[in-house]
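*Asks:* coords below, sequence missing:
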């Protein structure tokens, strides 16, 4: 297990609650976050199965394939179980919130996520993989969560969706350079394979910075406190100086969590 990688699903739930806490239930945000984590976990496990079959990620020691001792059937049962539990819990919450219309967006994007790793047309192996990631985690995760919690299509929803699109793609790109040779050998057309390691790191870092400034814009809309705004702007400046030239996924998620956590703490301090 790599708990940190699931922050890309939990952070949207936390930021949704911070952004819309006057309209949203904390319990709803938590259940939505857990549902998305379960769906992400299923897609990650499907990814391990596909990579094992195609010969990519051969150096990945913590693959779920090893946990299941190379039994791809058990691996896929694991993935389907996680997927259905996540879907059912999410749909039950949608029912309780009476937001059935959100499923017209959410369910097609879940299917798109499955096509990313679990199909004969595995999108993760094409040049569309990064686009699918951005769409699924931006409008798919943050956008749908925000709509379930508020029932409104707003500027804040759009800003948050763009921010988490950028963050998710940034995490994906930062993951690619260490495995670029095995990806190339397996026929994977990842960004790193197409454009090289250096450009991949540069793009990952740029998208990460853009995600922070978009989150800052979301903060400015949703929180009128000058203390919160200036403190978070100063934190972004500090993060920009601390981010390494070749960020790892853990680096990007660590700084994003620090930003979201600082926003939460500052909001509580202001209210007290």
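*Replies:* Thanks, I have the structure now. Only a predicted model underlies this, so the values are computations on that prediction, with no experimental measurement involved. Residues are numbered from 1 along each chain as shown.

*Asks:* and residue 184, how far is that from residue 43?
*Replies:* Applying C-beta to C-beta, to the nearest Å, the value for residue 184 to residue 43 is 23 Å. Every residue, glycine included, has its C-beta placed from N, CA and C.

*Asks:* of these two, who's got more company?
*Replies:* Legend: neighbour count by other C-beta atoms under 10 Å for residue 184 and residue 43, higher for residue 43 (20 against 15).

*Asks:* in this structure the more buried one contacts residue 114, no?
*Replies:* Yes: contact criterion C-beta atoms under 8 Å: residue 43 and residue 114 qualify, at 6.9 Å.

*Asks:* overlap of the contact sets of those two?
*Replies:* residue 83 (C-beta atoms under 8 Å, 6 or more residues apart in numbering).

*Asks:* which residues sit against stretch 226-233?
*Replies:* 216, 219, 220, 223, 259, 262, 263, 266, 267, 269, 270.

*Asks:* how about 7 Å then?
*Replies:* 216, 219, 220, 259, 262, 263, 266, 267, 270 (C-beta atoms under 7 Å, 6 or more residues apart in numbering).

*Asks:* state the mean pLDDT of stretch 74-81.
*Replies:* In this model, stretch 74-81 carries a mean pLDDT of 82.

*Asks:* actually stretch 227-247, sorry about that
*Replies:* Mean pLDDT, stretch 227-247: 90.

*Asks:* lowest average confidence across helices and strands of this structure, where is it?
*Replies:* Sorted by mean pLDDT, DSSP states H and E, the helices and strands of the chain end with helix 64-67, the least confident at a mean of 59.

*Asks:* related to what we said a few turns ago, now the contacts of stretch 226-233: which count as buried?
*Replies:* Buried by 16 or more other C-beta atoms under 10 Å: 216, 219, 259, 262, 263, 266, 267, out of those.

*Asks:* so which of those is the closest to residue 152?
*Replies:* Nearest to residue 152 among the buried ones among the contacts of stretch 226-233 is residue 219, at 18.3 Å by C-beta to C-beta.

*Asks:* tell me the contacts of the closest one?
*Replies:* For residue 219, the contacting residues are 228, 229, 232, 263, by C-beta under 7 Å, 6+ apart.

*Asks:* which one of the residues you listed sits in the busiest neighbourhood?
*Replies:* Once you tally neighbours by other C-beta under 10 Å, residue 263 ends up highest among these, having 24 neighbours.

*Asks:* hmm, it is touching residue 21, no?
*Replies:* No: using C-beta atoms under 7 Å as the test, residue 263 is too far from residue 21 to be in contact (11.3 Å).

*Asks:* return the distance of stretch 261-271 from the chain's centre.
*Replies:* Its chain's C-alpha centre and that of stretch 261-271 lie 23 Å apart, by C-alpha atoms, centre = their mean, to the nearest Å.

*Asks:* what average pLDDT does that stretch get?
*Replies:* In this model, stretch 261-271 carries a mean pLDDT of 80.

*Asks:* and stretch 166-181, by the same measure?
*Replies:* Mean pLDDT, computed over stretch 166-181, is 92.

*Asks:* with stretch 43-54 instead?
*Replies:* In this model, stretch 43-54 has a mean pLDDT of 72.

*Asks:* likewise for stretch 8-21?
*Replies:* The average pLDDT for stretch 8-21 rounds to 87.

*Asks:* give me the contacts around it.
*Replies:* The contact list for stretch 8-21 (C-beta under 7 Å, 6+ apart) reads 24, 26, 29-30, 32-33, 36-37, 40, 137, 141-142, 145-146, 149-150, 156, 160, 164, 167-168, 171, 215, 218, 222, 253, 256-257, 260, 263-264, 267.
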